[in-house]
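S.K.: For reference, the sequence and a predicted model appear below.
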Amino acid sequence: GNSWFNPESGLRYRRHLLLSLLSATVLSIHLSSTGFTEGPETSFHQDQSNNNIDSVRHLSARNPRGRGTPKKTKTKTKMMNDKNSNAKIRKDKRKIKKIYTHNFHHPPEPKPQTEQNTLIITLAMGKQATHSPLLSRLHRSLRVPGNFHGYFAVLTDAAPDVIYSSPLFLHDDEKFVILPIKEDDKVKNRDIHPELGMKYFKTLIWEYVLDHRILGQTVEYVTYLDLDIVVGMELTPYFEELSERRHLQHREQLEKLRQKQQQQQQIQQFRQQQNHPVNQSLEDPAPIPISTIYFFGKQGVHYHGGIFTTSPHSTHCLSLWASEIIQNDLPRYHRCTSDQMAIARVGKRIDAGLETGCELIALDWGKYVVFPDRSIMETGVVFPFIHVTNTYRSKILEGGLQEEYFESVLGVSEEEKRKWRKEKKW
């Protein structure tokens, strides 16, 4: 109280009070013009002059050094928000890029087909097949004119001693494998149309291959040949064309995946920009069909079931083929009467868009397959695959003509000729 009336000290106190009030008023006007919104720690009231000093104290506590203004504080906050927002967008983009880099199913690059990773397999069932020279003839044709030294297997219901009994058989072949047919598969085969016979077992070849302790570890491709086929030339060009076809198919699959990936990525980015949640169902495009079987075909016969090549990815196509062969739920007169009819039905389903997980590829059989007639046998023309159908063509051609032709193709010696003809093995 005494300091107020003291002429020297009272003047300094009054001067300090007036400067404080003036500073608070100027600050109030400045804050109102910049649109400052007071926070919970700042209680500023323009209409209550008694609280101006307290307001200044609050602001001083918030900014004790007196540097900066609320306008700069707001700008800094906005910059931080923008920075966080941009960081979130970059993070979302990285997430989307990661999804489309790692979560998509990219088909692996197919390996070239060679005799080292290829198994050639055939079926021999019943006395008519196992007691005839057909298996031995196919076996010898693979090793001599075919110059194929990979694994050769027979899926059969015959005992091994029956298989080895033919004098035409190459007994020193270490890469010949006998695959006995399982009893369960025999039971399933009994309900199939009788005209199909053993054709159902064609669709089970990979089950038997993968169960074998050696074949399951070394085989990448399986080529099936009917028992009445003779290999007349080396198979290397055939394997090379298959490898080239697979490479082209692989590139087409990757291009389709890339287009789908780009389309889905644009959708996801748009949803991110619109602050919509990422649709998990769009993260993985529809699978590209990689289950493939390579057949030979021509006009009228799209898929020749006597020669085809498969890989482990072909199991889906084989299961579709098996379902058309069995058809136990249909009346017998509606079922397939041949394996080619069954695979043709699968092809029609694919063409109609009802099946997208399988692809059937037909190679032109003009370069590789021949059904020899009299003129071809008399001139001695050979092809990689010579198909003398055991049910028709071999019956209309003279036995002597066939003997001479096959003995020439197989490189049979004179001593072997006399031995085989004496035993009537042809």
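M.R.: It's in.
S.K.: going forward, measure contacts and count neighbours with C-alpha atoms only.
M.R.: Noted.
S.K.: so what's Gly297 bridging to?
M.R.: Gly297 has the following beta-bridge partners by DSSP bridges: Asp364.
S.K.: Dihedrals phi and psi, Trp199?
M.R.: To be clear, residue 199 is Lys; Trp isn't right here. The phi/psi pair for Lys199 (degrees, to the nearest 10) reads phi -60, psi -30.
S.K.: Report how many residues lie close to it.
M.R.: Other residues within reach of Lys199, judged by other C-alpha atoms under 10 Å, total 20.
S.K.: Help me confirm that it comes into contact with Gln340.
M.R.: No. When contacts are counted by C-alpha atoms under 8 Å, Lys199 is not listed as touching Gln340 (9.6 Å).
S.K.: Identify the contacts common to the two.
M.R.: Taking C-alpha atoms under 8 Å, 6 or more residues apart in numbering as the contact criterion, no residue touches both Lys199 and Gln340.
S.K.: Could you find the closest non-adjacent residue to Lys144?
M.R.: Small correction: residue 144 is Val, not Lys. In space, not counting the residues next to it along the chain, Val144 is nearest to Leu410; the distance is 6.6 Å by C-alpha to C-alpha, 6 or more residues apart in numbering.
S.K.: Per-residue pLDDT of the one you found, please?
M.R.: Turning to Leu410, the model gives it a pLDDT of 87.
S.K.: repeat for Gly216
M.R.: With respect to pLDDT, Gly216 has a value of 92.
S.K.: thinking it is in contact with Ile205, fair?
M.R.: No. No contact is recorded between Gly216 and Ile205 when judged using C-alpha under 8 Å, the distance being 11.5 Å.
S.K.: Between the two, tell me which one has more neighbours.
M.R.: Comparing Gly216 with Ile205 by neighbour count (other C-alpha under 10 Å), the higher total belongs to Ile205, at 21 against 14.
S.K.: roughly how far apart are that one and Ala322?
M.R.: In this view, Ile205 and Ala322 are 11 Å apart by C-alpha to C-alpha, to the nearest Å.
S.K.: in the helix or strand hosting Arg246, what's buried?
M.R.: For Arg246, the host element (DSSP states H and E) is helix 236-273. When burial is assessed from 16 or more other C-alpha atoms under 10 Å, helix 236-273 yields the following buried residues: 236, 239, 242-243, 246-247, 250, 253-254, 257-258, 261, 264-265, 268-269, 272.
S.K.: One more: stretch 406-423?
M.R.: With burial defined by 16+ other C-alpha under 10 Å, the residues of stretch 406-423 counted as buried are Phe406, Val409, Leu410, Val412, Trp420.
S.K.: which stretches of the stretch 101-250 of the chain aren't confidently modelled?
M.R.: For the stretch 101-250 of the chain, the stretches with pLDDT under 70 are 101-107, 128, 167-168, 187-191, 193-195, 197.
S.K.: which residues of it fall in helices?
M.R.: Assigned by DSSP state H, counting those that start in this stretch, the helices in the stretch 101-250 of the chain fall at 127-130, 134-143, 160-163, 183-189, 205-211, 215-218, 236-273.
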